[in-house]
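S.K.: have a look at this fold, sequence not included:
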Ligand SMILES: [Zn+2]
């Protein structure tokens, strides 16, 4: 039998996902941040296309201003 905890668990981190629109089928493809220009494969149509890299400092900034997700917790759960 698995142990059960009644203690509320808070976010210990968060990830940012970027949306890129596939030029072949226009499906939105969700991609974790990458600071290098890479070519990705659309999971819907399997077409390949290069994506613009994102600035890692910007991603880190979003994580810092949300206290790694803790600041996003609903007020009545704090
Ligand atoms: Zn596609």
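M.R.: Yes, it's here. Because the structure is predicted, anything quoted here is derived from the model rather than measured.
S.K.: residue 29 - how many residues pack around it?
M.R.: For residue 29, the tally of surrounding residues (other CB atoms under 10 Å) stands at 19. Heads up, the C-betas are built off the backbone N, CA and C, glycines and all.
S.K.: wait, is it part of a strand?
M.R.: Yes: counting by DSSP: H, G, I helix; E, B strand; the rest coil, residue 29 is located in a strand.
S.K.: who are the contact partners of it?
M.R.: 19-22, 40, 42-44 (CB atoms under 8 Å, 6 or more residues apart in numbering).
S.K.: who in the chain is up against the ion?
M.R.: 22, 24-25, 27, 42, 44-45, 47 (CB under 5 Å from the ion).
S.K.: reformat the residues you listed as TSV; add neighbour count, secondary structure and pLDDT.
M.R.: As requested, those are exported to TSV (neighbours: other CB atoms under 10 Å; DSSP: H, G, I helix; E, B strand; the rest coil; pLDDT from 0 to 100):
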residue	neighbour count	secondary structure	pLDDT
22	19	coil	98
24	13	coil	98
25	12	coil	98
27	13	coil	98
42	19	coil	98
44	13	coil	98
45	13	coil	98
47	14	coil	98
